[in-house]
Structure formats: structure tokens, C-alpha cells
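Chemist: Got a predicted model here, sequence first, then my questions.
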Amino acid sequence: MLLSEASSLTAREFTTVLGSSGVEIEAVSPVATPIVRFSRWCRRIHHAPAPSIDPIGYLNRVDALMATGSFDALLPTHEQAWLFAAGRDLLPHATMAIAPLEAFDQVQSKTAFATLLDALGLPQPAWRLVETASDLNTLGFPVWVKAAFSTAGRGVARASDLAEARSLWRQLTSAEPSVPVMVQASAEGRYAQVQGLFDHGRLIASAVSEQLATGAGGSAAARLSVDHPQAIEAIRTLGRHLGWHGGLTLDYLHVDGRPSFIECNPRTIEPGNAAAAGVDLPMLTIALATGGDLPSAPLATRGGVRTRSTMAIALGAAEQYRSRRAVLAGVRDAVRQRTPLQDSTEVLTPVRSDPPSLVPFTVALATVLASPARVASLAGSTVETYAVTPQAVDRLRAPRPRT
């Protein structure tokens with residue numbers, strides 16, 4: 001299998017899940033030593049231009065690799081899914097499961113997604129598009145200030161008062177003046193995600209997990225699989241409306257399983273917990289892409305399964321507390337499986353089954369122990385290798401000369 005990138009935690013978890021099932025992995029990357037390289041299941045990293053800097057060159061490289069016939073399927077592990085949809089005509093040799101660009105347009109932008117949730121009657125916190133400074137205080141405080149396009153928790157920040165909201169708005173609009181900004185009220189409850197895999201709008205598998213530990217950017221560095229029927233029904237409704245094909249993930253806050261949706265990732269996110277809880281999303285995605293057997297009734301994860309990503313826990317502790325003591329405490333609690341991580345399985349860097357994964361873990365830990373404040377630059381440089389910008393997609397939308 002060919003992974004669309006090799007630097008994200010999702011790509012690393014894809015490698016763990018597929019490698020554990022005997023699948024050999026190769027990946028595309030603009031950098032020589034991404035995290036996926038350090039796995040006994042990764043055969044090779046293929047250099048390609050960064051997708052946001054040279055999207056056409058990136059897609060041409062991916063298609064050339066698929067044209068060799070060496071890969072059964074192309075698996076989008078991050079925002080390259082959006083790029084693949086926009087540049088589908090540049091990938092004539094790619095076997096993959098990707099929704100049409102028109103569907104991405106309704107969920108890739110935070111403002112478009114919020115508008116769609118309102119149209120479908122799906123629950124979310126109150127929100128408002130910010131066109132002038134006076135729009136910032138229409139919902140009261142605290143609020144979340146969000147750029148329409150961002151990834152890995154970047155471009156989203158909490159404002160406790162009007163002064164903070166104005167400062168964040170200026171920062172976001174100065175960086176990207178043409179990108180819309182919204183404010184959204186805070187919601188109560190615990191952070192969770194629901195994932196769905198769709199066959200042209202038909203839900204074929206779902207996975208729901210709740211956050212047990214916080215990673216960089218507020219991500220889930222440890223998860224507990226849970227049974228939230230309302231979340232599954234919501235993603236079923238959304239996928240059916242969009243005619244979605246492939247993976248789709250919704251973030252939400254909940255009280256007793258009642259969701260309030262805050263984010264959409266139009267792709268599969270970190271599949272380790274789902275696989276441990278009985279739903280192998282990467283293998284199902286391969287079957288979906290290649291015409292393999294699919295379940296006649298939707299599969300669902302079983303509740304009560306705990307997984308952890310110890311490296312992500314260390315990065316989250318560094319970002320949140322800026323303290324070496326906090327970083328070491330987070331790693332110690334994960335390794336010793338202290339509550340709430342009791343009986344948890346490592347899904348990011350499973351050193352016992354995949355010894356080379358110790359290398360990125362050691363490097364990341366040494367970096368944040370030397371200077372916990374460096375976690376922001378470490379995470380930022382990683383995100384740059386796989387992020388896709390609206391400008392990159394716009395280049396693919398523009399008419400291109402025939403070759």
C-alpha cells in the first residue's frame with residue numbers, strides 16, 4: 001500500500017494497524033526521515049514535492065508511483081484526500097476511495113461545515129461568521145475563534161474576553177486575509193470523535209472514541225472506545241447527504257453521549273483505537289478502493305477498549321504545561337498504565353512489535369525534555385510537511401493546459 005504522506009500521527013497509526021496485519025507499507029514524503037520511516041513495516045519512503053508548495057508536482061509523483069503497478073491502493077492519511085479530490089484527473093492510475101470535490105467543499109471549511117450542520121439539523125454550539133469586529137462579542141465569552149481552514153489544532157484558539165478575541169481575529173486575518181473566520185460558543189462535556197467509512201453514501205463501518213489524554217493541539221493522545229448511537233446516526237445522516245465515499249470523522253463534545261459537533265475531518269483519523277475495538281478501518285478502506293468484500297450491515301466498535309500514544313502524550317504535556325516534570329510524569333503514567341490508561345494498548349510507537357518506532361519516540365522526548373517550549377516549533381514543522389492549503393486546491397481547480 002502507498003500512504004499519501006508519512007509524517008502525521010495518523011500515517012504512523014495506519015502503519016501500525018496495517019503492518020500488524022501483514023501489509024507492507026511505502027509512503028510519499030517531502031522529507032527524508034518522517035515518523036513512518038522508522039517502522040519494520042515500511043519498505044520505502046518516496047520523495048515528492050510538498051503538496052501545498054507544488055500540488056501538481058506532488059500529484060504527478062504519486063500517479064507515477066501508482067503507475068508502476070507496485071501498489072494495490074493509495075491511502076490518503078491526511079489532507080491529501082482533499083487534494084486527490086481536486087486533482088482526480090491527474091491521478092489516472094490511482095486506486096483509491098475518495099469523495100467528489102463537491103462533497104469536500106461542504107465540510108473542509110469550518111464555516112461551510114457549520115452551515116451544513118444547521119441545514120441538516122445536527123447539533124452544534126452557536127456560531128457566527130466574523131465580518132467586522134462587532135461580530136466577535138455576539139455570543140458572549142468565552143468563545144472559540146476559528147479560521148475556516150486549519151489543521152492539527154492550528155488556527156483555532158479560545159478567547160476569554162473581547163480583547164483576546166480581537167487579537168486572535170487580527171492574527172488569523174493578517175496571515176490569510178481572504179480566509180473567513182468564525183466564532184463559536186463553548187460546549188459542555190467530554191471530547192470525543194465518531195468515524196465513519198462510506199461507500200457512496202452508505203455507512204459500512206463506524207468507530208466512536210472518547211479522549212483519555214491530551215496531545216498537541218488538543219488532540220486525543222489516548223482513547224476509550226464508547227457507545228454513542230446519536231453520534232453514529234449523525235455521521236450516517238451527514239455521509240448519506242453528501243454521498244460520501246471513504247473516511248469521514250467528526251469531533252464533538254458530549255454529555256451522556258449527546259453530541260455537540262465542533263469539527264469535521266473529511267478523512268480517517270488515527271485508526272488505532274478503532275482497530276483495537278474490532279473495526280479495522282484501513283483494511284476496510286483497501287477493500288472499498290479495490291472492490292473487495294464489504295459488510296452488508298455497518299460494523300461498529302465495541303466499547304471499553306483503551307489505547308494510548310505515549311509519544312503524543314509527552315508532546316501534549318510539553319505544550320500544555322511547558323514543564324519537564326509534566327512530560328516525564330505523562331510518559332511514566334502511560335508506560336505504567338496508570339488510571340485512566342489501565343489495560344491500554346500502545347498504537348503509535350509499539351516498540352515491542354515494531355522496535356524501530358523507538359527512534360522517533362526517543363528523538364521527540366529528548367527534544368521536549370531539552371526545551372518543552374520547542375514542542376510548538378516541532379509540531380509546526382511536522383504539519384508543514386503534510387498540510388494542504390486552500391491556495392493549493394485552487395491551483396488544481398484552475399484550468400490547466402492539456403498535455
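Modeler: In hand now; what should we look at?

Chemist: Against Trp82, how distant is Met182?
Modeler: 19 Å (CB to CB, to the nearest Å). (Each C-beta comes from the backbone N, C-alpha and C, glycine too.)

Chemist: Please apply the same query to Arg374.
Modeler: Arg374 is 29 Å from Trp82, where distance means CB to CB.

Chemist: Name the residue closest to the centre of this structure, please.
Modeler: Nearest to the geometric centre of the chain sits Ile269, at 4.3 Å (CA atoms, centre = their mean).

Chemist: Spatially, what comes nearest to it if we skip its sequence neighbours?
Modeler: For Ile269, ignoring the flanking residues on the chain, the nearest one in space by CB to CB, 6 or more residues apart in numbering is Thr249 at 4.4 Å.

Chemist: same check, this time on Leu90
Modeler: Leu59 (4.3 Å).

Chemist: so who does the one you found touch?
Modeler: Contacts were defined as CB atoms under 8 Å, 6 or more residues apart in numbering; by that measure Leu59 touches 83-84, 87, 90-91, 396.

Chemist: quick one on the thing from earlier: next helix or strand past the host helix or strand of the residue nearest to Ile269?
Modeler: Under DSSP states H and E, the secondary-structure element containing Thr249 is strand 246-255. Using DSSP H and E, the helix or strand that follows strand 246-255 in sequence is strand 258-265.

Chemist: quick one, that next one and strand 246-255 angle?
Modeler: On the basis of axes from the mean of the first three to the mean of the last three CA atoms, to 10 degrees, strand 258-265 is oriented at 140 degrees to strand 246-255.

Chemist: After strand 258-265, which helix or strand is next?
Modeler: Later in the chain than strand 258-265, the nearest helix or strand by DSSP H and E is helix 272-276.

Chemist: what does the next helix or strand after that following helix contact?
Modeler: Downstream of helix 272-276, the first helix or strand assigned by DSSP H and E is helix 281-290. Contacts of helix 281-290 from elsewhere in the structure, counted by CB under 8 Å, 6+ apart, are 1, 14, 17-18, 21, 23, 72-75, 95-97, 195, 197, 199, 204-205, 207, 245-247, 268, 271, 274-275, 292-294, 299.

Chemist: again, 7 Å this time
Modeler: Taking contacts as CB atoms under 7 Å, 6 or more residues apart in numbering, the residues outside helix 281-290 that touch it are 1, 14, 17-18, 21, 72-73, 75, 95-97, 195, 197, 199, 204-205, 207, 246-247, 268, 271, 274, 292-294.

Chemist: same check, this time on stretch 230-239
Modeler: By CB under 7 Å, 6+ apart, the residues outside stretch 230-239 that reach it are 120, 122, 194, 196, 198, 201, 203, 206, 208, 248, 250, 252, 257-259, 261, 300.

Chemist: Out of the residues you listed, which end up buried?
Modeler: Neighbour counting by 16 or more other CB atoms under 10 Å classes 122, 194, 196, 198, 201, 203, 206, 208, 248, 250, 252, 257, 259, 261, 300 among the contacts of stretch 230-239 as buried.
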